[in-house]
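Engineer: fold the following, please.
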Amino acid sequence: MGNTATAAVLDANDAFYRAMRAGDLDAMEALWARERPVSCTHPHGPSIFGRTAVMASWQLVLGHLPPEIYAEEPQAIVTGKTAMVLCRERIGTIELIASNAWVREDDAWRMVNHQAAHIPGTGDG
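Structural biologist: The predicted model follows:
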């Protein structure tokens with residue numbers, strides 16, 4: 001599995017950020033798991049649980065998110081059918097820390113958790 005799985009997870013993670021930049025709710029929806037419980041925590045927001053609520057949150061976020069959001073220095077940890085990608089999100093001059101959890105579902109990597117937060121001590125929070 002090794003490098004091939006790591007590359008596939010990083011590709012899925014990149015697709016997640018492309019969907020955000022494009023404001024593409026359909027692409028975002030396609031990336032999230034359907035059979036596993038999902039959750040999401042946007043910066044300064046409460047944790048959101050359940051696919052319906054998570055997708056509703058993305059509908060709101062994608063309508064207001066600046067198109068210049070990029071994942072920097074993504075690092076994947078793959079353990080069988082689960083993976084975690086840790087990265088920094090750059091939105092203009094703002095830098096966030098993010099973790100994205102993935103599972104294998106229907107022969108694809110699907111997101112089960114996204115969490116982004118301001119980095120303590122950077123003045124962005």
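Engineer: for the longest helix seen in the chain, name the packing helices and strands.
Structural biologist: What stands out as the longest helix in the chain, according to DSSP state H, is helix 2-22. Packing contacts for helix 2-22, counted by 3 or more CB pairs under 8 Å, 6 or more residues apart in numbering; DSSP states H and E, involve helix 25-31, strand 69-79, strand 82-91, strand 94-105, strand 108-118. Just so you know, the C-beta spots here come from the backbone N, C-alpha and C atoms, and that holds for glycine as well.
Engineer: residues touching the closest residue in space to Leu65 that isn't next to it in sequence, list them.
Structural biologist: Leaving aside its sequence neighbours, Leu65 sits nearest to Met20 (CB to CB, 6 or more residues apart in numbering; 6.0 Å). Counting by CB atoms under 8 Å, 6 or more residues apart in numbering, Met20 makes contact with 28, 62, 65, 69.
Engineer: and the residues you listed, which are buried?
Structural biologist: With burial judged by 16 or more other CB atoms under 10 Å, the buried subset of the contacts of Met20 is 28, 62, 69.
Engineer: which among those residues gets closest to Phe49?
Structural biologist: Closest approach to Phe49 among the buried ones among the contacts of Met20 (CB to CB): Met28, at 17.1 Å.
Engineer: show the pLDDT at the closest one.
Structural biologist: Turning to Met28, the model gives it a pLDDT of 96.
Engineer: thought Leu62 was touching Asp24?
Structural biologist: Yes: applying CB atoms under 8 Å as the test, Leu62 and Asp24 come out as touching, 7.4 Å apart.
Engineer: just give the nearest non-adjacent residue to Tyr17, would you?
Structural biologist: Nearest residue to Tyr17, sequence neighbours excluded (CB to CB, 6+ apart): Ala71, at 4.9 Å.
Engineer: wouldn't that neighbour be in contact with Asn13 here?
Structural biologist: Yes: judged on CB under 8 Å, Ala71 makes contact with Asn13 at a distance of 6.3 Å.
Engineer: where does this structure have low pLDDT?
Structural biologist: Counting by pLDDT under 70, the chain has low-confidence residues at 1-2, 66, 121-125.
Engineer: sorry, back to before: could I get the contacts of Met20 as CSV with distance to Arg36?
Structural biologist: As requested, the contacts of Met20 are exported to CSV (distance: CB to CB, whole Å):
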residue, distance to Arg36
Met28, 16
Leu62, 22
Leu65, 25
Ile69, 25
